[in-house]
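Asks: Have a look at this prediction, sequence included:
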Amino acid sequence: RNKDMVRLESTLAKMREYEVKPSAVTFGTLVKAYGQLGDYARVEEAWAEMTRTKVGVNPVTYGCMLDACVKCGRLDRALEIFETLKEKKMHRNTVMYS
């Protein structure tokens, strides 16, 4: 896993170097990967960058964020994210509930 994260972060560094903007898939992958590692600080960093740039803010990336928060034991934050989904009237599906 750590080797995968090193490769992921190296790829991100190259993307920045070549001024390639991250997509929704990039941000979703980052959020999920950091969540699987239990690195909540990095989850929030990736989420903040995504929301700041308004790239990839969609039900799928919200689902990635919910998953990462739960994996990191941050149920309070997961609930906040879920409430935001409701407020924005974004589609919620059964995958998010499981």
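Replies: That came through fine.

Asks: so how far is Gly56 from Met15?
Replies: As judged by CB to CB, to the nearest Å, Met15 and Gly56 stand 14 Å apart. For the C-beta atoms, the positions are set from N, CA and C on the backbone; glycine is no exception.

Asks: higher neighbour count, these two?
Replies: Gly56 (21 against 14; other CB atoms under 10 Å).

Asks: Give me the local confidence score for the closest residue to that one other than its chain neighbours.
Replies: Using CB to CB, 6 or more residues apart in numbering and skipping residues adjacent in sequence, the residue nearest Gly56 is Ala24, 3.0 Å away. Looking at Ala24, its pLDDT is 90.

Asks: Now for Ala24, how many residues are close by?
Replies: Number of residues near Ala24 (other CB under 10 Å) recorded here: 15.

Asks: mind checking the backbone torsions on it?
Replies: With angles defined as degrees, to the nearest 10, Ala24 sits at phi -60, psi -40.

Asks: I figured it hits Asn58, correct?
Replies: Yes. Checked against CB atoms under 8 Å, the pair Ala24 and Asn58 is within contact range at 5.9 Å.

Asks: Many thanks, have a good one.
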